[in-house]
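Asker: Any chance you can model this:
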Amino acid sequence: MSHAVLALAAAVSCAGGCVWSLPAVADIRARDDRPLSRRIAAAGCLTGWGTVALLAPLLLTPVPWSVIGAVAATGAATATALAARSRVHRARELREAERHWAAWGYGIPGRSASSRRRAFLVWLLPGLVVATAVAVAILWTGQANPGRTAAAALTAAGVVSLFLVLAIADAARGQAVRRGKAPTGSIRP
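Answerer: Numbering: from 1, shown residues only. Sure, this is the predicted structure:
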């Protein structure tokens, strides 16, 4: 596939990504009006789409594939790290809100089914991204042969399975918290 076709695909993807990037810009600009976890998540979103936007013109230049891959991997790793940091901050914010609800004498508010599905996807989607990056890295490092392809597929399946187990465990923990059966100090994301 030519560089121009990939550049066009990156540009079209970036244009379609405005559905996520424009609200992220609004979250960043709102500063202290938004929780810290939301601003960090917005920074991760903008990093990811900024990487795609950077790849579009980069694909039109005569740079080697290794440079393009390094830029893509760096952007994906940074966006994933920001997403993980956002999740940690969100858990802290939820613990603080739960302490406030408990101090006021109210129970812990439950989450809706849509928020539980969203929490499940928060674990699963990064797993798919990481699995794809790992498979590409394995295939990129040497000659294409059936053994290398099988290793890439098995490694990617293992990464997705790990993230799937984490998503299921997180959902089970959330249900236990809602039923009041969670151990003291546990949180729900």
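Asker: and the residue positioned nearest the centre of the chain, what does it touch?
Answerer: For the chain, the residue nearest the mean C-alpha position is P126 (4.2 Å; C-alpha atoms, centre = their mean). Contact analysis of P126 by C-beta atoms under 8 Å, 6 or more residues apart in numbering lists 80, 83-84, 163. Bear in mind the C-beta positions are built from the backbone N, C-alpha and C, glycine included.
Asker: Looking at the protein, which helix is longest?
Answerer: helix 65-103 (DSSP state H).
Asker: Let me know the average pLDDT across that helix.
Answerer: The average pLDDT within helix 65-103 is 88.
Asker: List the buried residues of that helix.
Answerer: Buried residues in helix 65-103, counted by 16 or more other C-beta atoms under 10 Å: 68, 72, 75-76, 78-80, 82-83, 85-87, 89-90, 94, 98.
Asker: pLDDT value on D33, please?
Answerer: Note for D33: predicted pLDDT of 92.
Asker: could you point out which element follows the lowest-mean-pLDDT helix or strand in the chain?
Answerer: Least confident element among the helices and strands of the chain, by mean pLDDT, DSSP states H and E: helix 113-140 (a mean of 77). Downstream of helix 113-140, the first helix or strand assigned by DSSP states H and E is helix 146-179.
Asker: quick one: that following helix to helix 65-103, angle?
Answerer: For helix 146-179 against helix 65-103, the angle by axes from the mean of the first three to the mean of the last three C-alpha atoms, to 10 degrees is 10 degrees.
Asker: now for helix 146-179, which elements pack on it?
Answerer: When contacts are defined as 3 or more C-beta pairs under 8 Å, 6 or more residues apart in numbering; DSSP states H and E, helix 146-179 sits against helix 113-140.
Asker: that older thread, buried stuff in the least confident helix or strand of the chain?
Answerer: For helix 113-140, by 16+ other C-beta under 10 Å, it's 116, 119-120, 122-123, 126-127, 129-131, 133-136, 138.
Asker: According to the record, where do the domains of the chain fall?
Answerer: According to automatic domain parsing, the chain comprises the domains 1-108, 110-189.
Asker: Which pLDDT does the model give L154?
Answerer: Listed pLDDT for L154 reads 90.
Asker: What about it, how many residues nearby?
Answerer: 12 (other C-beta atoms under 10 Å).
Asker: go on, R173?
Answerer: Per other C-beta under 10 Å, the neighbour tally for R173 reads 16.
Asker: list the contacts for the closest residue to A53 other than its chain neighbours?
Answerer: Nearest residue to A53, sequence neighbours excluded (C-beta to C-beta, 6 or more residues apart in numbering): C14, at 4.7 Å. Neighbour list for C14: 49, 52-53, 56 [criterion: C-beta under 8 Å, 6+ apart].
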